[in-house]
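Undergrad: I'd like to go over a predicted model; first the sequence, then the structure.
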Amino acid sequence: MDNKVCIIGGGPAGLTAAYELLKAGVVPQLFEKSGQVGGLSKTVVYKGNRIDIGGHRFFSKSQRVVDFWQEILPLETPAYPAAENDLIMLLRRRLSRILFLGNFYDYPLSLNKRTFANLGLARTFKIGCSYLAARLNPIKQEHSLADFLSNRFGRELYATFFRDYTQKVWGVPCEEIPRDWGVQRVKGLSVTRAILHALKQMVKVHNKHVETSLIEEFKYPKFGPGHLWEEVARRITTGGGRISLHTKIVGFTTSSGCHIDSIVVEDETGKRGEIPTEQVISSMPIRDLIKLLPDVPPDVQQIAGQLPYRDFITVGVLLDRTQVAPLQDNWVYIQEPDLIMGRIQIFNNWSPYMVAEQNTVWVGLEYFCQEGDDFWSLDDDRLKELALTELSKIKLVKDSSAFLDATVIREEKAYPAYFGTYNQFQEIQTYLAKFDNLYLIGRNGQHRYNNMDHSMLTAMAAVDFLTGKTQAKEAIWQVNTEDSYHEEKK
Ligand SMILES: Cc1cc2nc3c(=O)[nH]c(=O)nc-3n(C[C@H](O)[C@H](O)[C@H](O)COP(=O)(O)OP(=O)(O)OC[C@H]3O[C@@H](n4cnc5c(N)ncnc54)[C@H](O)[C@@H]3O)c2cc1C
């Protein structure tokens, strides 16, 4: 099968597929349209300062994924310390909170004394009443995310902590987002659980661990997530695999409507070439894939053409540490109604090695938008100005004297969305399943809200099938179908 498996995309899914194929003795050829591997999980370096556009916590319930990460970047130990080794995974503490009306709230939200004190008596009373009302008289037929969340948390708590942020992220009202989205994302969360959690905390009040109860540990590469993927890519090429950067898939030739004969690639200079192939593993967005395949039935074209995505902009801002209010969070959700940013990342707290100078604080302000919309098209200088204004508004800095430098990153198709024509997605899947030599993997490759580990597992399932380890091609689509994964862990 040498040189006969083409992989589209050099993100976690594509690279995992290439690495696993090599291990099975198959030499893969991978094409990546950008100049860097890692996809959404890349690390962007700006003057020695690193940006993780996620940020990406390395967590997985799959031992196979954990072993993969450990093989590439072993975990730090006293015998293998981070100060002396670069190919290393750090163990980091997690803290993430919500900033709302000038106060910090735990994330996930805890219903404890501090939360109620911050909310004030009147709002707490309203939240309690509307929760009771939701329990006594729930919306009978939940259609939308708004219905789902109101039934679980009560209208007032939903409006205070969920509604505006969710709308900011997705760009559409919660009424237009299907209920199923909530089922997957917040299944483990409920007011009852939050109250139980708060009670447990009270019992543990004399326990010295109480303050760290919301701080979990997670693994993180010394130089951000891209560091791991760069090492995987290095091993693929040294093992004989081929990775072509700046090479975009721009077409396919097919026979009998269900077999891909070749892929058409285009390099940076616009030069095109046709590469015959026996198997195609694709992690490129399904919407783009359908556009490139010849003779796709019009109804499938129409559904795929309207699959929605959400894009975002990160403004990386370098600040003088002496002028920044100290924050221990990895990231903070910004619920302030008058601010446009959705979250702020403090990269120093992900890994101290993300910053070039320890006397600086390196933050990333995230703005959710739509590729091509007015915000997406804003001039970089305007975006940097906005970032600085918003940093002052949340009182992270006093004024512009803290500002040292900034950069802007636009990330397209960061989130595959589950509205628009997504409810007809099965038709696309059924159509693509007819191709006997096409395997769809990854996040946008399956149009599924996959984390890195899910994206990797889809790649592993594809390779297992291709190399004869398993017999069921459908297994590739069975990754990340359990309901409860996300919110419990993110
Ligand atoms: C804000 C955010 C936070 C996240 N946090 C976490 C987290 O904490 N933990 C976690 O595990 N996961 C997290 N994720 C998810 C993680 O980033 C993705 O699951 C993972 O990167 C998906 O890998 P992939 O290879 O499927 O896709 P991608 O990373 O999107 O890679 C696809 C690659 O294909 C390339 N490509 C596209 N079209 C073409 C073409 N026509 N020709 C050639 N190449 C092409 C792209 O350039 C890209 O490099 C987060 C994602 C986001 C956006």
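TA: Thanks, I have the structure now.

Undergrad: any regions of the chain where pLDDT drops low?
TA: Residue ranges of the chain with pLDDT under 70: 1-3, 184-215, 482-490.

Undergrad: how about the residues of it by the ligand?
TA: When proximity is defined by Cβ under 6 Å from any ligand atom, the chain lies next to the ligand at 8-14, 31-34, 39-41, 54, 56-57, 248-249, 283-284, 288, 414, 442-445, 450-453, 455. Every residue, glycine included, has its C-beta placed from N, CA and C.

Undergrad: which residues sit in contact with Asn49?
TA: For Asn49, the contacting residues are Gly316, Leu318, Phe347, Met354, Val355, Ala356, Thr360, Trp362, by Cβ atoms under 8 Å, 6 or more residues apart in numbering.

Undergrad: also Trp376?
TA: Neighbour list for Trp376: Asp311, Ile313, Cys369, Gln370, Arg410 [criterion: Cβ under 8 Å, 6+ apart].

Undergrad: secondary structure for these - can I get that in CSV?
TA: What follows is the contacts of Trp376, written out as CSV (DSSP: H, G, I helix; E, B strand; the rest coil):
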residue, secondary structure
Asp311, strand
Ile313, strand
Cys369, strand
Gln370, coil
Arg410, strand
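
Undergrad: could you tell me which of these count as buried?
TA: Asp311, Ile313, Cys369, Arg410 (16 or more other Cβ atoms under 10 Å).

Undergrad: taking the residues you listed together, which two end up most distant?
TA: Cys369 and Arg410 (8.8 Å; Cβ to Cβ).

Undergrad: please report phi then psi for the residue nearest the centre of the chain.
TA: Nearest to the geometric centre of the chain sits Gly54, at 5.5 Å (Cα atoms, centre = their mean). Here is the backbone geometry of Gly54 (degrees, to the nearest 10): phi -70, psi -80.

Undergrad: on that earlier part again, among the contacts of Asn49, which are in helices?
TA: Phe347 (DSSP state H).

Undergrad: out of the contacts of Asn49, which end up buried?
TA: Gly316, Leu318, Phe347, Met354, Val355, Thr360, Trp362.

Undergrad: which of these fall in strands?
TA: Secondary structure defined by DSSP state E assigns Gly316, Leu318, Thr360, Trp362 of these to strands.

Undergrad: okay, strands next: where are they in the stretch 301-450 of the chain?
TA: Remark: strands assigned in the stretch 301-450 of the chain by DSSP state E, counting those that start in this stretch are 309-320, 331-334, 343-346, 360-369, 403-416, 438-440.

Undergrad: mind checking the SS state of Gln36?
TA: coil.

Undergrad: touching, it and His246? I think so.
TA: No - at 9.6 Å, Gln36 and His246 do not qualify as touching, with contact defined as Cβ atoms under 8 Å.

Undergrad: compare these two (neighbour count), which wins?
TA: Gln36 (17 against 14; other Cβ atoms under 10 Å).

Undergrad: which residue, other than its chain neighbours, is closest to that one?
TA: Spatial nearest neighbour of Gln36, chain neighbours left out: Lys42 (5.4 Å); criterion: Cβ to Cβ, 6 or more residues apart in numbering.

Undergrad: what sits against that neighbour?
TA: Here Lys42 is in contact with Gly11, Gln36, Ile53, Pro225, Gly226, Trp229 (Cβ under 8 Å, 6+ apart).

Undergrad: look up phi and psi at it.
TA: Dihedral angles for Lys42 - degrees, to the nearest 10 - are phi -80, psi 160.

Undergrad: returning to what we had before: got TSV for the buried ones among the contacts of Asn49, with distance to Val397 too?
TA: Below are the buried ones among the contacts of Asn49 laid out as TSV (distance: Cβ to Cβ, whole Å):
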residue	distance to Val397
Gly316	15
Leu318	11
Phe347	16
Met354	19
Val355	16
Thr360	12
Trp362	13
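
Undergrad: reformat the contacts of Lys42 as TSV; add secondary structure.
TA: Compiled in TSV, these are given as follows (three-state DSSP):
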residue	secondary structure
Gly11	coil
Gln36	coil
Ile53	coil
Pro225	helix
Gly226	helix
Trp229	helix
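
Undergrad: between the residues you listed, which is nearest the ligand?
TA: Gly11 (2.1 Å; Cβ to the nearest ligand atom).

Undergrad: how about the contacts made by the residue nearest to that closest one when sequence neighbours are not counted?
TA: Leaving aside its sequence neighbours, Gly11 sits nearest to Gly39 (Cβ to Cβ, 6+ apart; 2.2 Å). Gly39 makes contact with Gly9, Gly10, Gly11, Pro12, Ala13, Gly14, Trp229, Ser283, Gly442, according to Cβ under 8 Å, 6+ apart.

Undergrad: give me the number of residues near the last one?
TA: When you say that, I think you mean Gly442. Gly442 has 31 nearby residues by other Cβ under 10 Å.

Undergrad: repeat for the first one
TA: Other residues within reach of Gly9 by the criterion other Cβ under 10 Å amount to 29.

Undergrad: got the phi/psi numbers for it?
TA: Here Gly9 shows phi and psi, under degrees, to the nearest 10, equal to phi 100, psi 130.

Undergrad: for it, what are its contacts?
TA: Leu30, Phe31, Glu32, Gly39, Ser282, Ser283, Met284, Gly442, Gly445.

Undergrad: quick check: the third one touching Ile249?
TA: Okay, so that is Glu32. No - applying Cβ under 8 Å as the test, Glu32 and Ile249 come out as separate, 9.8 Å apart.

Undergrad: so these two - more neighbours on which side?
TA: Neighbour totals were compared for Glu32 and Ile249, and Glu32 leads with 26 against 22 (other Cβ under 10 Å).

Undergrad: who's in contact with the more buried one?
TA: Here Glu32 is in contact with Gly9, Gly10, Gly14, Ile243, Ser244, Leu245, His246, Thr247 (Cβ under 8 Å, 6+ apart).

Undergrad: distance check, it against Ser400.
TA: Distance of Glu32 to Ser400, computed by Cβ to Cβ, to the nearest Å: 38 Å.

Undergrad: hmm, back to that, tabulate the contacts of Gly9 (TSV), appending distance to Leu157 and secondary structure.
TA: Listed next are the contacts of Gly9 as TSV, based on distance: Cβ to Cβ, whole Å; DSSP: H, G, I helix; E, B strand; the rest coil:
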residue	distance to Leu157	secondary structure
Leu30	46	strand
Phe31	47	strand
Glu32	44	coil
Gly39	36	helix
Ser282	42	strand
Ser283	38	coil
Met284	40	coil
Gly442	35	coil
Gly445	36	coil
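
Undergrad: quick one: the strands in the stretch 1-150 of the chain?
TA: Using DSSP E, counting those that start in this stretch, strands in the stretch 1-150 of the chain cover 5-8, 28-31, 43-46, 49-52, 89-93, 96-100, 103-106.

Undergrad: which residue, other than its chain neighbours, is closest to Asp453?
TA: Distance criterion Cβ to Cβ, 6+ apart; nearest residue to Asp453, sequence neighbours excluded, is Ser60 at 3.6 Å.

Undergrad: next, count neighbours for the one you found.
TA: Residues lying near Ser60 (other Cβ under 10 Å) number 21.
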